[in-house]
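Asker: need coordinates for the below:
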Amino acid sequence: MRIVSKAAFVVLLVGMIGCGSSDQQKTSSPSPVSSAQPASQAAADSAPKTYHLEGTVVSIDRQQKRLIIDGKDIPGFMAAMTMPYPVADDQTLNRVKPGDEITADVVAKDSDIHIDNVVVVKKAGTKK
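Answerer: Just a heads-up that it's a prediction; the model follows:
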């Protein structure tokens, strides 16, 4: 019975030592804003970036507040693809219909992406 207790103690002690050294490494590692990168550059990197989107509305997901858009290439951001884009307001969802050709601003900050300033350039079913 004492052997089991000693073994458990050794495992616990080794685990604590491992966690302690891991924590020390985490606190001593440089933060994303380090002396190699000026604070102004880090602030610029975290600022939202805006890209111009052209595409066709495929469908509207009102529950999730998203437009599914078949978009053209967005140079410097992504290749042409069909994907859902969150929108901030219900008015945008109410103004567009599937088949509408639109332009919009894709606003990207960190992992958050949404569209803004949606403009219908050609209504569905109309001729050029």
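
Asker: so, low pLDDT: which residues of the protein?
Answerer: In the prediction, the chain carries residues with pLDDT under 70 at positions 1-45, 128.

Asker: show me what counts as buried in the strand of greatest length in the chain.
Answerer: Of all the segments of type strand in the chain, defined by DSSP state E, the longest one is strand 49-61. Neighbour-count burial for strand 49-61, with 16 or more other CB atoms under 10 Å as criterion, is recorded at 51, 53, 55, 56, 57, 60. Using the backbone N, CA and C atoms, a C-beta is placed for each residue, glycine as well.

Asker: now these as a markdown table including distance to residue 114?
Answerer: Written out in a markdown table, the entries for the buried residues of strand 49-61 read as follows (distance: CB to CB, whole Å):
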| residue | distance to residue 114 |
| --- | --- |
| 51 | 12 |
| 53 | 11 |
| 55 | 15 |
| 56 | 18 |
| 57 | 15 |
| 60 | 15 |
